[in-house]
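In: sequence first, then the predicted structure:
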Amino acid sequence: MRRLVSELYVRDICHAFKAMVLVWIQLPMWIFMSVALRNFTTGAAHSESHSIQEQLASGGALFFPHLTALDSTWILPVSLGVINLLIVEIFALQKSGMSRFQVYVTHFVRAVSVLMFPIAATVPSLLVLYWFCSSLMGLSQNLLLRSPGFCQLCGIPPTNSDSDTPYKDFLAAFYAKFISRK
């Protein structure tokens, strides 16, 4: 079995470590950026950060004009939670016949996404805006990498599980799972 797995890694130029590298780089980067942005909003970084804090206090837009304050409208926290749940559901809907462990992990990630609603409502708007933009980029990348035209343009070879109509398939699966339950 090990020999077959090794041959597959060599043949497809795909090692399990390559998939984990992104997590080991992206997760610490997300944490460090979140802590740095929080420090900017509280003025805890350096003496120069007070001028940055003043700029953030008047540098927002639309419904969050004060980036160091909480989002009283809850638009950013709710948007963040919805996008995170959408990412989870995209992965869950593409998997069929998940193992018990995969089902538990999916439920756990759903719970974390729901837990992000109140957490995001208790931190400065700048931090929630960063989390929202990060999640929005993740969702965009997931949807873009499902596009056969984009994959062909980038030279990404199709796999057996790829669909010619991924967005229609996703909407049909979403409709069947959540809307037409009777």
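Out: Cool, got the structure. Residues are numbered from 1 along each chain as shown.

In: and residue 130, what's its pLDDT?
Out: For residue 130, the pLDDT comes out at 87.

In: nearest residue to it in space, please, no chain neighbours.
Out: residue 37 (5.6 Å; C-beta to C-beta, 6 or more residues apart in numbering). No exception for glycine: its C-beta is placed from N, CA and C like everyone else's.

In: just the element for residue 159, please.
Out: Here residue 159, judged by DSSP states H and E, is contained in no helix and no strand.

In: so that it lines up with my notes, have the first residue be 54 from now on.
Out: Yes, from this point I'll number from 54; that puts the last item at residue 212.

In: how deep is it tucked in, by neighbour count?
Out: 8 (other C-beta atoms under 10 Å).

In: any idea how far it is from residue 86?
Out: 33 Å (C-beta to C-beta, to the nearest Å).

In: helix or strand with the lowest mean pLDDT in this protein?
Out: In the chain, the helix or strand scored least confidently by mean pLDDT, DSSP states H and E is helix 102-110, which has a mean of 65.

In: next secondary structure element downstream of that helix?
Out: Past helix 102-110, the next helix or strand by DSSP H and E is helix 128-147.

In: give the other helices and strands that that following helix contacts.
Out: helix 153-174, helix 178-197, helix 219-227 (3 or more C-beta pairs under 8 Å, 6 or more residues apart in numbering; DSSP states H and E).

In: can you put those helices in JSON lines and add distance to residue 123 and mean neighbour count?
Out: Output for the helices and strands packed on helix 128-147, formatted as JSON lines (distance: least, C-beta to C-beta, whole Å; neighbours: other C-beta atoms under 10 Å):
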{"stretch": "helix 153-174", "distance to residue 123": "7", "mean neighbour count": "14"}
{"stretch": "helix 178-197", "distance to residue 123": "7", "mean neighbour count": "18"}
{"stretch": "helix 219-227", "distance to residue 123": "32", "mean neighbour count": "14"}
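
In: quick one: closest of the ones you listed to residue 136.
Out: helix 178-197 (4.5 Å; C-beta to C-beta).

In: show me the contact partners of the helix or strand just after that closest one.
Out: The first helix or strand that comes after helix 178-197 along the chain, using DSSP H and E, is helix 201-207. Helix 201-207 has contacts (C-beta atoms under 8 Å, 6 or more residues apart in numbering) with 197-198, 210-211, 215-217, 219.

In: nearest to residue 173, of those residues?
Out: Residue 173 has its nearest neighbour among these in residue 197, at 24.9 Å by C-beta to C-beta.

In: quick check: longest helix of this protein.
Out: Longest helix in the chain by number of residues (criterion: DSSP state H): helix 69-95.
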